[in-house]
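> sequence unavailable; structure follows:
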């Protein structure tokens, strides 16, 4: 198995440790641990290793599914990896909607043939007919990230339903990474609730501000979950006891307050960044979530050149668009604490103004 280097993570590894502001962070700001009971008792394995059955049943109910149709994972990254390993073999084919988080294309590309279907610039819309044209007899999986990372595009219910119908008609599955879904004021129904060809992956990282829990899940058909559990025996074995303990609280009575608080922060920061973009003559497609894909300012030849200038001059990390296949863009994350966002925007603005 050969896999492409994870460009964005290598970029972060090069710069984030010495930088002062992480304006490329793709989730909402982290919650304080003191908001939760952090004593899970004995720190052994979670048994059964795919997660507590009662808690899995609670999560499954959100998708109209049973406990056997949910597997708990260490974040969405592992959830997606386990789906790919469960379903794909050499000789299969996958269709991936891009731009997207590199793991959603690189992992299947390490296993089988992949066709990429690009969103259209500048509104990042998806042409379902183009997806249909990319499907082959050996297509096993369609892959979508909704809301999209890096663009913040939230594909409509009609678009997602059309993709699901394509999967069903071609005896394939639609995998949707829905890690940002609950930052939306009016979230769409999850793909796993659409039927036997739908798979949803999610976690408490991006919308809940609980990245350090490393707690996520897969919801989907039992055959997919069974395969994922078999592969999980070779990855993390079980989810974190600590993560599952706090996740129960975050997804219980506290959930409404957490999501309301985080959505309000996302709204306020969205408006702040939108005003900043206008001030500097930049462009983006109005995003859902806490990521925006912004045009590179005049005076810079590429996203990497601009982002490198920003981090070296001002100690602010941004994400070059090259890591998503678009060198004329950069990704900005605006879910961080307000004071850091304000300072980060001020510093990036100075770099832009110095090159005018």
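Sure, I can see it. Here the structure is a predicted model, which means the values were calculated and not measured. Numbering: from 1, shown residues only.

> which residue ranges of the stretch 251-356 of the chain form helices?
For the stretch 251-356 of the chain, the helices defined by DSSP state H, counting those that start in this stretch occupy 255-279, 303-314, 338-354.

> and the first one with helix 338-354, angle?
So the one you mean is helix 255-279. Taking axes from the mean of the first three to the mean of the last three C-alpha atoms, to 10 degrees, helix 255-279 and helix 338-354 form an angle of 20 degrees between their directions.

> tell me which other helices or strands helix 255-279 touches.
Secondary-structure packing of helix 255-279 (3 or more C-beta pairs under 8 Å, 6 or more residues apart in numbering; DSSP states H and E): strand 291-295, helix 338-354. Every C-beta, even on glycine, is put in place using the N, C-alpha and C of the backbone.

> deepest of these, which one?
strand 291-295 (a mean of 25; mean count of other C-beta atoms under 10 Å).

> for that one, packing partners?
helix 255-279, strand 329-333.

> nearest to residue 160, out of those?
With C-beta to C-beta, the closest approach to residue 160 among the helices and strands packed on strand 291-295 belongs to helix 255-279: 20.7 Å.

> residue ranges for the strands of the protein, please.
Ranges of strands within the chain are 21-22, 70-73, 93-98, 113-118, 139-145, 173-177, 198-203, 216-219, 291-295, 316-317, 319-320, 329-333, based on DSSP state E.

> out of these, which comes closest to residue 42?
Using C-beta to C-beta, these put strand 70-73 closest to residue 42, at 17.9 Å.

> which residues does that closest one contact?
Identification of contacts with strand 70-73 by C-beta atoms under 8 Å, 6 or more residues apart in numbering yields 46, 50-52, 55-57, 59-60, 63, 79, 82, 201, 203, 215-219, 225, 228-229, 232, 236, 238-239, 244.

> looking at those, which are in helices?
55-57, 59-60, 79, 82, 225, 228-229, 232, 244 (DSSP state H).

> put together CSV for the residues you listed, with neighbour count and distance to residue 112 on each row.
Below are these laid out as CSV (neighbours: other C-beta atoms under 10 Å; distance: C-beta to C-beta, whole Å):
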residue, neighbour count, distance to residue 112
55, 21, 33
56, 24, 29
57, 16, 33
59, 21, 29
60, 20, 29
79, 26, 19
82, 26, 16
225, 27, 21
228, 27, 17
229, 19, 21
232, 25, 20
244, 19, 33
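
> fine by me, thanks again.
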